[in-house]
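# What follows is a protein structure lacking sequence information:
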């Protein structure tokens with residue numbers, strides 16, 4: 001079985017998928033955390049790997065950047081490969097004084113100005129919630145692993161916010177609520193999951209902030225997000241016995 005963008009056989013894809021944006025981060029996760037690993041996709045260099053984390057079969061599948069890209073891959077995985085759960089694990093920026101570099105955010109839902117839902121299915125929506133049951137599992141795992149989470153609403157933007165010509169005008173679009181972070185994919189993932197009655201969650205690590213002059217390098221973004229990655233993997237583990 002193959003789709004327009006995925007070359008995998010149906011049996012190559014696990015029912016739970018971790019979805020980083022960067023294909024090299026997918027490779028890093030597979031190499032470091034999974035056993036009995038098999039590469040299952042390399043079309044357009046959008047690498048995907050299936051293996052085992054503890055007793056649970058997991059696929060790590062890169063999404064690329066932006067709503068259109070994650071929209072394609074999440075749709076095909078849910079629709080044609082019978083994937084039940086996708087956890088996005090990515091990076092984000094923040095314009096909140098309460099959010100620091102390397103903070104881990106669990107998104108309860110994403111706000112966006114994107115027309116993606118309208119173009120795909122005729123829906124005029126600007127906010128989509130993530131999956132409550134999957135979020136609760138992640139939160140419980142975070143407690144048992146002593147991983148501190150900040151939980152709340154996030155923004156999905158069609159532009160990389162640091163490149164905006166008028167940054168204050170950009171921010172003025174998002175002042176009606178307490179948004180914790182801004183990234184570029186979660187809204188699309190959440191909408192596809194809702195449309196197809198699947199589960200989706202999003203964990204993001206803060207790598208830049210208006211209130212912190214530091215930032216994570218591209219190498220840091222690829223390899224220094226282990227706490228978030230471990231939490232996502234632990235949330236996938238099936239109960240033994």
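Looks like it came in fine. Bear in mind that the values here come from a model prediction, so they are computed numbers and not experimental data.

# Point to the helix or strand of this structure where mean pLDDT is at its lowest.
helix 218-223 (a mean of 68; mean pLDDT, DSSP states H and E).

# Please identify the buried residues of stretch 49-57?
Judged by neighbour count (16 or more other C-beta atoms under 10 Å), stretch 49-57 contains these buried residues: 49-51, 53, 56-57. Heads up, the C-betas are built off the backbone N, CA and C, glycines and all.

# cool, and stretch 159-178?
Buried, per 16+ other C-beta under 10 Å, within stretch 159-178: 161, 170-171, 174.

# Tell me which residue lies nearest the centroid of this protein.
The chain has residue 88 as the residue nearest its centroid, 1.8 Å off, counting by C-alpha atoms, centre = their mean.

# just for the protein, where's the confidence low?
1, 215-216, 221-224, 239-241 (pLDDT under 70).

# can you pull out the helices in it?
Assigned by DSSP state H, the chain shows helices spanning 23-33, 67-81, 116-121, 132-144, 167-172, 186-195, 218-223, 226-236.

# Identify, out of these, the most deeply packed stretch.
Of all the helices of the chain, helix 186-195 carries the top mean neighbour count, a mean of 26, counting by mean count of other C-beta atoms under 10 Å.

# just checking, what packs against that one?
Under the contact criterion of 3 or more C-beta pairs under 8 Å, 6 or more residues apart in numbering; DSSP states H and E, helix 186-195 touches helix 67-81, strand 85-94, strand 104-111, helix 116-121, strand 127-129, strand 149-156, strand 199-209.

# For these, give me JSON lines that also has distance to residue 188.
Listed next are the helices and strands packed on helix 186-195 as JSON lines, based on distance: least, C-beta to C-beta, whole Å:
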{"stretch": "helix 67-81", "distance to residue 188": "4"}
{"stretch": "strand 85-94", "distance to residue 188": "10"}
{"stretch": "strand 104-111", "distance to residue 188": "9"}
{"stretch": "helix 116-121", "distance to residue 188": "6"}
{"stretch": "strand 127-129", "distance to residue 188": "9"}
{"stretch": "strand 149-156", "distance to residue 188": "7"}
{"stretch": "strand 199-209", "distance to residue 188": "10"}
